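> Generate coordinates for the sequence data below:
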Amino acid sequence: MAARMERHSPTVKSGECPGGSIPLYGRAGTAAIDTGAEMGSDHVPDWFWEVLEATRPRLSALELWLGSQPREILEAFALAYESAADSLADFSEGVSVDGDVWSEDSTEDLCMWVVGQGCGLWNSVIAGEVRLEEVAQMYLGRARLLPDCVVPWDEDVSDPEHKGYQSPWAIVQGVYRTRFAEELHERLGVPEEVVRSGG
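Numbers count the residues shown, from 1 in each chain. Below is the predicted model of the structure:
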């Protein structure tokens, strides 16, 4: 007899990160993902952060998890990622780093990278504890990562077709393309240059 699937729809608000055990999702998992969970500048679903934390630092583990999920979950993951990044900055305003204002694309890449580092760093920026300009120094490798427990992602992928999609943001695009023979960025309206660069 199959276990009953429960709805899992809590969201993370500014100032909070999910804690406790990491539920498994999917056919053999203990919880279903609520793909209708509210998104916005101060709401990112718990399950999104839990997946990032459970698979870190192995990009191949995230790749495997995404490869086992239905289309709707991959789409929800991509939307949650994008929503979390959008909440960090207005990309068009850029971010000032060492006296230079970064382009919209570079600022978006930075924000995608912040999200890929997990809820702790993302929340520190959202809460104003760390400025995006300071985070840019981490992104450039000039400062140590905060919080100290963050372990950078490796770039190993299992499927050779996913080479070039080697970040937590981009891997969902590669997995979606491989599994469904469609471009996720086209389905969601995300420019392709963002897909390849972020994470």
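
> which stretches of this structure form helices?
46-55, 59-67, 71-86, 104-116, 119-126, 132-139, 168-180, 184-188, 192-197 (DSSP state H).

> can I get the ones you listed in CSV with mean neighbour count?
Using the backbone N, CA and C atoms, a C-beta is placed for each residue, glycine as well. Below are the helices of the chain laid out as CSV (neighbours: other Cβ atoms under 10 Å):
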stretch, mean neighbour count
helix 46-55, 22
helix 59-67, 20
helix 71-86, 21
helix 104-116, 23
helix 119-126, 21
helix 132-139, 18
helix 168-180, 22
helix 184-188, 16
helix 192-197, 17
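
> need those in TSV with distance to residue 158 and mean pLDDT, can you?
Output for the helices of the chain, formatted as TSV (distance: least, Cβ to Cβ, whole Å; pLDDT from 0 to 100):
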stretch	distance to residue 158	mean pLDDT
helix 46-55	12	96
helix 59-67	5	97
helix 71-86	16	96
helix 104-116	19	97
helix 119-126	25	94
helix 132-139	26	95
helix 168-180	10	96
helix 184-188	18	86
helix 192-197	19	50
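
> closest to residue 161 out of the ones you listed?
Smallest distance to residue 161 across these (Cβ to Cβ): 5.2 Å, for helix 168-180.

> between the closest one and helix 59-67, what angle do the directions make?
50 degrees (axes from the mean of the first three to the mean of the last three Cα atoms, to 10 degrees).

> Of all residues in the chain, which one is nearest the centre?
Among the residues of the chain, the one closest to the centroid is residue 81, at 4.0 Å (Cα atoms, centre = their mean).

> Report the separation between it and residue 162.
Per Cβ to Cβ, to the nearest Å, residue 81 is found 16 Å from residue 162.

> likewise residue 116?
Residue 116 is 16 Å from residue 162, by Cβ to Cβ.

> cool, residue 78 as well?
15 Å.

> What of residue 131?
The value you get for residue 131 to residue 162, if Cβ to Cβ is used, is 33 Å.

> now residue 109
Applying Cβ to Cβ to residue 109 and residue 162 gives a distance of 19 Å.

> now residue 186
Taken as Cβ to Cβ, the span from residue 186 to residue 162 is 18 Å.

> And residue 126, by the same measure?
With Cβ to Cβ as the criterion, residue 126 and residue 162 are 30 Å apart.

> before we move on, what about residue 75?
Distance from residue 75 to residue 162, by Cβ to Cβ: 18 Å.

> Could I get the average pLDDT for stretch 142-158?
The pLDDT scores in stretch 142-158 average 82.

> Any idea how far apart the tips of it sit?
Start and end residues of stretch 142-158 are separated by 30 Å (Cα to Cα, to the nearest Å).

> Buried residues, that stretch. List them.
Across stretch 142-158, burial judged by 16 or more other Cβ atoms under 10 Å covers 145, 146, 150, 153, 157.
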